[in-house]
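1. build me a structure from this.
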Amino acid sequence: MDTIVEMRGVSKTYRVGDETIHALDRVDLAIASRSVVAVTGPSGSGKSTLANVIGGLDRPDAGSVRVGPHVLEQTSDRQLSSFRNTAIGFVFQSFNLQPHLTAAENVAMPLAFAGVKRSKRRARAEAVLADVGLADRSGHLPTQLSGGQRQRVAIARALVNQPQLIIADEPTGNLDSQRGAEILDLLIASVRERGATLLIITHDADVARRADGVLHVRDGAITREVQG
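-> The predicted model follows:
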């Protein structure tokens with residue numbers, strides 16, 4: 001099996017007052033390339049920490065993490081920043097758009113960080129916005145867009161650098177059921193079309209049912225893996 005993510009013996013702890021929280025506890029994990037995988041579990045189970053470690057937003061205390069050709073514990077902070085910008089696309093529940101930037105400018109931000117020339121950034125951003133059905137909204141500010149449209153902008157921003165892996169943390173959580181279903185359809189279709197991998201953190205059983213596989217997390221451990 002061709003894998004894009006491999007974790008071996010990964011642990012992460014946090015101190016909260018006098019208490020030690022084992023957010024991840026010696027996790028072993030492999031995620032197949034070009035798959036859609038849902039990560040489920042109760043609040044505080046370690047789902048988001050798992051995603052943050054895979055996405056290079058957080059470093060584990062122990063163990064090894066490989067994403068594609070990148071062995072994360074061997075990377076410097078500068079290399080890790082480049083990895084997050086080019087190899088990973090992030091989609092968040094709260095959209096995380098810059099309010100003073102237009103849709104196209106928000107989508108173009110990862111291109112700017114990647115050193116793409118200004119003359120090419122706008123065209124590429126508008127092309128990806130067209131792919132997500134927002135060709136006529138590229139000049140709009142986030143406040144001029146609906147929740148579903150803002151999430152489409154966030155998806156376009158995640159896709160613009162053609163990353164190997166998309167990590168979506170509760171991407172439908174701020175949307176009603178109809179808009180959420182539309183966004184999930186768009187996200188899965190966009191990832192499959194590009195031959196990328198999608199990791200979805202979710203509490204929603206309907207979302208998890210759409211995945212090729214499901215990882216159940218509890219008390220910082222993978223308690224069950226289900227293949228679709």
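
2. only C-alpha atoms from now on, for both contacts and neighbour counts.
-> Noted.

3. tell me where the model's unsure across this structure.
-> 1, 226-228 (pLDDT under 70).

4. all strands for it, in order.
-> With DSSP state E as the definition, the chain shows strands at residue ranges 3-16, 19-32, 36-40, 62-67, 70-71, 88-92, 165-169, 197-201, 213-218, 221-227.

5. centre of the chain versus the fourth one, how much separation?
-> When C-alpha coordinates are averaged (C-alpha atoms, centre = their mean, to the nearest Å), strand 62-67 and its chain have centres 17 Å apart.

6. pull the residues that contact that strand.
-> Here strand 62-67 makes contact (C-alpha atoms under 8 Å, 6 or more residues apart in numbering) with 4-12, 26, 53-54, 71-73.

7. quick one: work out the angle between it and strand 165-169.
-> Relative orientation of strand 62-67 versus strand 165-169 (axes from the mean of the first three to the mean of the last three C-alpha atoms, to 10 degrees): 120 degrees.

8. wait, which of the contacts of strand 62-67 is closest to residue 107?
-> residue 54 (22.4 Å; C-alpha to C-alpha).

9. only the buried residues of stretch 47-57, if you could.
-> 47, 48, 49, 50, 51, 52, 53, 54, 55, 56 (16 or more other C-alpha atoms under 10 Å).

10. no no, stretch 112-127
-> So, applying 16+ other C-alpha under 10 Å, buried residues of stretch 112-127: 121, 122, 124, 125, 126, 127.

11. these in helices, which ones?
-> 121, 122, 124, 125, 126, 127 (DSSP state H).

12. switch these over to CSV; also include distance to residue 215.
-> Below are these laid out as CSV (distance: C-alpha to C-alpha, whole Å):
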residue, distance to residue 215
121, 36
122, 38
124, 34
125, 33
126, 35
127, 34
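
13. make CSV out of the buried residues of stretch 47-57 and add distance to residue 148.
-> Listed next are the buried residues of stretch 47-57 as CSV, based on distance: C-alpha to C-alpha, whole Å:
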residue, distance to residue 148
47, 24
48, 22
49, 26
50, 26
51, 23
52, 24
53, 28
54, 26
55, 24
56, 27
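
14. and these, which is closest to residue 223?
-> Nearest member of the buried residues of stretch 47-57 to residue 223, counting by C-alpha to C-alpha, is residue 47, at 11.9 Å.

15. right, and that closest one touches residue 40 too?
-> Yes: using C-alpha atoms under 8 Å, residue 47 is in contact with residue 40, at 6.9 Å.

16. in the biggest helix by length in the chain, what's buried?
-> The helix that spans the most residues within the chain, counting by DSSP H, is helix 177-194. Using 16+ other C-alpha under 10 Å as the test for burial, helix 177-194 gives 179, 180, 183, 184, 186, 187, 188, 190, 191.
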